[in-house]
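Visitor: Need the 3D shape of this:
(3 chains)
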Amino acid sequence: MNLLSVSDLKLYYRTTKGVVKAVDDVSFDVNKGETLAIVGESGCGKSSLARAIIRLLPRNVHKYEGRIMLNGTDLMSMDEETFRREVRWRKISMVFQGALNSLNPVLKVGYQVAEPLIIHMKVNEREAIERAKGLLVKLGLPEEFAERYPFELSGGMKQRAVIAMALITNPDLIILDEPTSALDVITQANIMNMLKELKRSRGQTFIFITHDISVASELADKVATMYAGQIVEIAPADTFYEEPLHPYTQKLMKSVPTLRREKTLESIPGAPPNLIDPPSGCRFHPRCDKAMDICRKEDPPTFERGHSVKCWLYR
Amino acid sequence: MRIPPLAKVLIKRAFLLFLMVIIVTYLTILIANAGGYVDEIMISDIKFNVAQRVSANPLYKGLSIEERNKLIERLVEDEIRLRGLDKPFPIRSLIYLWNGLTLDLGRSMYMTSDTGSRLVRLIILERLPQTILLFTTATVIIFFIGLFGGLYLSRNFGSFLDKLTVYLSPTSAIPGWFYGILLILIFYSYLHVLPPGGMVDYPPPEEPVAYFLSVLKHMILPVAAWVISSFFIEIYYNRSFFLTYSTEDYVEAAKAKGVPPSQIERRYILRPALPPIITSFAFAVVLSWSGAIITETVFNWPGLGRTLAMAIGFFDVPVIVGITVVFAYLIAATTFILEIIYGIIDPRIRAGVESV
Amino acid sequence: MSVSEYTLKGIFRELIRYKSALVGLAILVFLVVLSLYALIFTPYAQAGEIWNDQNRWLAYPRNAAPEWYNFFSSKKLPPSILIGEGLPNHKREEAEREGHRVITYLDSFSYNYDDFPSELVLLINTTYSGSPPTVKVYWIKPSGEELNLSVYRPRNISESIYISNNVILERELEEYAIDKLGFTPNYTITIPVALFMEYKDKGEPTAMKGNYNVRIEVTLYNRSDTFSYRLLMHGKVYGIAGTDIYRRPLELGLVWGAPIALSFGIVASVTITFANLILAAISGYYGGKIDSLIQRLTEIYMIIPFVPFIVTISILYGLDIWRLLLIVIILSVLGTPVKTYRVWVMQLKTSPYVEAAIAYGASNLRIIALYILPRILPPVVPSLVLSIPSYVFLEAALAMLGLSDPKVVSWGRIIEEAFAGGAVYKGYYHWVLIPSAMLILTAISFALIGLALDRIVNPRLREM
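Guide: All right, here's what the predicted structure looks like:
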């Protein structure tokens, strides 16, 4: 059985300019121990998807429906208090984009890492902080950092602390939203190594969201491409990088520089689509060089050609 | 002995604030003495003292009036030379500065304290507690109304109460003392339910509880006047603060973590927002000292402000100068207390990092 | 708070969309029109003189309420009534008796009010050689009763005879009224009351309504003597705003106070804000020693007790209103806003296009004036507008303390005069409330505009 099974997930929100269809009919599965990477351009809805799963809805939410099954339980049908007590951080935790501001500036780091234990596991404060310290050490931070405040830590250290915070309750699933985007390359590598170690030693399930395909490749078992609020392709990692099927994914691959080989970089013409008023039919058709007539008229369903791909080419 | 960094920061600040009081006092003296007023105060003070000494001294009893006056003149000149008051202005001004800082403010020209003394220091110290009582009460009430009102509204953003507060915030453009006038017209002139001024009934009740209640009754209108004036704008500003702080990333992270909503409000919104709230509150307190003068005049409240107003009416320069100096001390003291509170709350300051 | 991306023009265009701001602007326009009217159509330069001149106002009633008060009161108060030569319902007959000219005048007027006039004044212009004329005044009520208001002999060419101050007459008329009533009432019978009263068995006195006639018999002792007169009954209501204890029509005071309030508030606020901005820009941009110096000075400024200082300076040096304004500005040139603006300037200094300007060699002054100041101005505009009321009230506060410029008529000064004249105790509410209303109106208009601007310039709060 899948650990996480998402079907027809929708998240729309209202703005002064119209309804933004940030997540528009998204479906995917994640197995236990797997890492699913979700890649896409900025503004394609990846972060909204993460928030939709962990139910961090904005004030101006317009539509939030679909099915999110975690270990067989439908999360969407839970009321907020039950969700808070049973799912938040105990089953699903999250490492945020721009985690540099995820820590409360007036609380000590150790306390914040320990807080989920205190709240959800009813562990007393002293023991919780001890456990937090242990976890920080395991992630490469000195023990006394638990007594420090966030402003005393560098970006990379804060990120480790935030990851410790996400791990401490041993959740079934951890969502990472661009965890390394704001970091320098070396720190980025360190963090990725740490994540790989966690995956290996604990069999941790991850959803890894990023716009950087090369970073995703280090951790991912499965990769999903997201475009204009929809998932257009989900493939096992090797297939994704060697033989992507969807034109968008293919273009993405061609736009990434490789370290050694000579490669002419191609960019994708046009601009990311407007989520309030997306193009008709297949949302990628204005920028697709393989676009056909039907692409302009009808939104393609998801076809199975070894793996899922949402493109009329594979009818 | 290791001094904690917070203490170091505070000691430095205390020192700086005191330095500023010195400068402000000196400024006051310069301004006041540009018309020679402070010189006059000093000399008349000396004359008074010498005359007292002479008339009290049995040795001089037998002197005729002429002889006595000559004696007083000579003694006054001696005294002036002794105190260095015949020196050029820069030196004199420093002497006055020292006097001002130590609150040795001379004698008033017309006004007296309740005990009959003309010592400016006594006059001021007698009235100071009443001012502190009234204004501390008002500012504390306003602070908490603003805090909890703002918190409540930030939670119920867009609700009717929220819109109402926004629409009614222009009422805060009118200062408290002005509302005081209107309140007196309504509750005294028209309805006759509350007293139009003063601190306590006349004659004052003997029994402590009755006295206390009487003071309370007289505090209702002036405090209400300031509360009404600051009510909507305090809530509005606090609400804006809280809204800004509640959209911080770490608040969202806390929500994702499953922190209960009450704890989020307390630890993730309120705590980080406290420093700027305290800063704006400090600003309001300092402002309220200035408004004290008119308010006390309107309500005939026997505090420092009204004393200043009366001194203006009498043109009693020593009192005016003295009160200005005391106000400078008050402001410095208030600023300092608030900086202590600020330091306790903000860990960055506790760690010795001074705020921008 | 980050620096806004709005331009000034954009802000004003947005502003019009807020209803509250439109109300505020409407009030402001009204006040500006009032000020212009004061400056153009009234002898504004002599306003203080005229206001202080007690002799100018004798033709006006004392402590009259505004005329619209009668809308709300069940008891109708009379306005001032003037009868006599040159006015309607005036008859004149001349005859000769015993060798002297005797002129009999008859004036009539209708009176439909419940309350009584406050004073009766006979205004006489006469020239005579030898004996002054003899003037007999008779009062005829609608009921037909005739009351003898005594005999007067005016001595000066121009004389005002306050009939209502005639103590002997008052006692006579009081006895007459008690006689007619049949009992001694518990209200005081003054001359106006006696002349107009209904004879009721009980309750508050009310005036008899109907047509009144006044007959004046003047005996002139010389052919060449001349005589003319008017009878003024001072009312209890007057004009839009009533009058004060010195008989001054408050509507004039309201008009004259408008330019003061507006100019004081706006000039103070604009000058101080710009001074703050420029000093903050210098401090934040140049950094180093200049920055430290300005910062220390700012902290000193924050310890200065503002009102006591102004009071001290004002009383020791006798300031007129414009020098007072100057002192207020000097004492506000540095303050808490400077600290805030300085942070913005420092943020802007590291922004790419400022760095680009430095790179291509723009002078510091140019960068500050053309790049930095225009960018930090938009978020400053709301507080600029919002601080205008506090300066308007500052002027009023100083007036309340008796420190106002005697050559200037301001609303605060009128309120202070009201307090000194006992308006609170004697119930002359209009004297306090009407100038107060003007102050409140001014404050609210700027507050509405300022708060709308605040909502525009804080985009985060708008989006939500």
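Visitor: Give me the phi and psi for whichever residue of the stretch 201-350 of chain C sits closest to chain B.
Guide: Nearest to chain B in the stretch 201-350 of chain C, going by CB to the nearest CB, is C:Pro305, at a distance of 3.5 Å. Yep, even glycine has a C-beta here, placed from its N, CA and C like the rest. Main-chain torsions, C:Pro305, degrees, to the nearest 10: phi -80, psi 110.
Visitor: what's the nearest residue to it if we skip its chain neighbours?
Guide: Leaving aside its sequence neighbours, C:Pro305 sits nearest to B:Phe327 (CB to CB, 6 or more residues apart in numbering or on different chains; 3.5 Å).
Visitor: Run through chain A and note the low-pLDDT ranges.
Guide: Counting by pLDDT under 70, chain A shows low-confidence ranges at A:1, A:98-99, A:258-263.
Visitor: which stretches of it form helices?
Guide: Assigned helices in chain A, in chain order: A:46-53, A:80-82, A:109-120, A:125-138, A:155-167, A:185-202, A:213-219, A:237-242, A:247-254, A:293-297 (criterion: DSSP state H).
Visitor: C:Thr226 and C:Arg155, how far apart?
Guide: According to CB to CB, to the nearest Å, C:Thr226 and C:Arg155 sit 15 Å apart.
Visitor: Same question for C:Tyr221.
Guide: On the measure of CB to CB, C:Tyr221 and C:Arg155 end up 13 Å apart.
Visitor: For the nearest residue to C:Ser80 once chain neighbours are set aside, the count of nearby residues, please.
Guide: In this structure, C:Ser80 finds its nearest non-sequential neighbour in C:Gly235, 4.0 Å apart by CB to CB, 6+ apart. Around C:Gly235 there are 24 other residues, counting by other CB atoms under 10 Å in any protein chain shown.
Visitor: Then A:Ile234?
Guide: 22.
Visitor: So it sits against A:Asp221, correct?
Guide: No: assessed by CB atoms under 8 Å, A:Ile234 is found out of contact with A:Asp221, at 11.1 Å.
Visitor: Can you give me the distance of the residue of the stretch 201-350 of chain C closest to chain B to B:Thr279?
Guide: In terms of CB to CB, C:Pro305 sits 19 Å off from B:Thr279.
Visitor: got it, and A:Phe206?
Guide: Distance from A:Phe206 to B:Thr279, by CB to CB: 43 Å.
Visitor: which of those two has more neighbours?
Guide: Taking neighbours as other CB under 10 Å, A:Phe206 and B:Thr279 compare with A:Phe206 leading, 23 against 16.
Visitor: nearest spatial neighbour of that one, skipping sequence neighbours?
Guide: Nearest to A:Phe206 is A:Thr35, by CB to CB, 6+ apart, at 4.2 Å.
Visitor: Over to C:Leu403?
Guide: Spatial nearest neighbour of C:Leu403, excluding adjacent residues (CB to CB, 6+ apart): C:Ser314 at 4.8 Å.
Visitor: how about the helix or strand containing the one you found: buried residues?
Guide: If you go by DSSP states H and E, C:Ser314 is part of helix C:306-317. Neighbour counts using 16 or more other CB atoms under 10 Å in any protein chain shown place C:Phe306, C:Val307, C:Pro308, C:Phe309, C:Ile310, C:Val311, C:Thr312, C:Ile313, C:Ser314, C:Ile315, C:Leu316 of helix C:306-317 among the buried residues.
Visitor: The fourth one contacts B:Thr28, doesn't it?
Guide: Yes: using CB under 8 Å, C:Phe309 and B:Thr28 qualify as a contacting pair, with a distance of 7.4 Å.
Visitor: if I look at those two, which residues touch both of them?
Guide: B:Thr324 (CB atoms under 8 Å, 6 or more residues apart in numbering or on different chains).
Visitor: coming back round to it: for the residue nearest to A:Phe206, give its distance to chain B.
Guide: 20 Å (CB to the nearest CB, to the nearest Å).
Visitor: Share the number of residues neighbouring that residue, please.
Guide: Burial of A:Thr35 is recorded as 24 neighbouring residues (other CB under 10 Å).
Visitor: before we move on, what about C:Gly203?
Guide: Neighbours around C:Gly203, by other CB under 10 Å: 9.
Visitor: any chance you could map the strands in the chain?
Guide: As the question left the chain open, I've gone with chain A. A:4-15, A:18-30, A:35-39, A:61-70, A:73-74, A:92-95, A:173-177, A:205-210, A:222-227, A:230-236, A:303-304, A:308-309 (DSSP state E).
Visitor: if you could check chain C rather than the one you did, that'd help
Guide: Using DSSP E, strands in chain C cover C:81-84, C:90-97, C:100-111, C:119-127, C:134-140, C:146-152, C:158-162, C:210-220, C:226-234.
Visitor: if we can go back for a sec, doesn't C:Val311 make contact with the residue nearest to C:Pro305?
Guide: No: counting by CB under 8 Å, B:Phe327 sits too far from C:Val311 to count as a contact (10.2 Å).
Visitor: From A:Asn2, how far out is A:Ala235?
Guide: Plainly put, A:Ala235 is 17 Å away from A:Asn2 if you go by CB to CB.
Visitor: For burial, what's the neighbour tally of the residue of the stretch 151-300 of chain A found nearest chain B?
Guide: Residue nearest to chain B within the stretch 151-300 of chain A: A:Phe151 (6.0 Å; CB to the nearest CB). When counting by other CB under 10 Å, one arrives at 13 neighbours for A:Phe151.
Visitor: on that earlier part again, what's the most buried one of the strands of chain A?
Guide: Of all these, strand A:92-95 has the most neighbours on average by mean count of other CB atoms under 10 Å in any protein chain shown, namely a mean of 27.
Visitor: how far away is A:Lys32 from B:Thr102?
Guide: 78 Å.
Visitor: between the two, who's got more neighbours?
Guide: A:Lys32 (14 against 9).
Visitor: Which residues are in contact with that one?
Guide: By CB under 8 Å, 6+ apart, the residues touching A:Lys32 are A:Asn2, A:Leu3, A:Asp172, A:Gly203, A:Thr205.
Visitor: For the closest residue to the fourth one other than its chain neighbours, give its distance to A:Ser5.
Guide: Spelled out, that is A:Gly203. Of all residues not flanking A:Gly203 in the chain, A:Gly33 sits nearest, at 4.3 Å (CB to CB, 6+ apart). Distance from A:Gly33 to A:Ser5, counting by CB to CB: 15 Å.
Visitor: Next, the residue of the stretch 201-350 of chain B found nearest chain A: phi, psi?
Guide: In the stretch 201-350 of chain B, no residue comes nearer to chain A than B:Gly258, which is 2.9 Å away by CB to the nearest CB. Main-chain torsions, B:Gly258, degrees, to the nearest 10: phi 90, psi 20.
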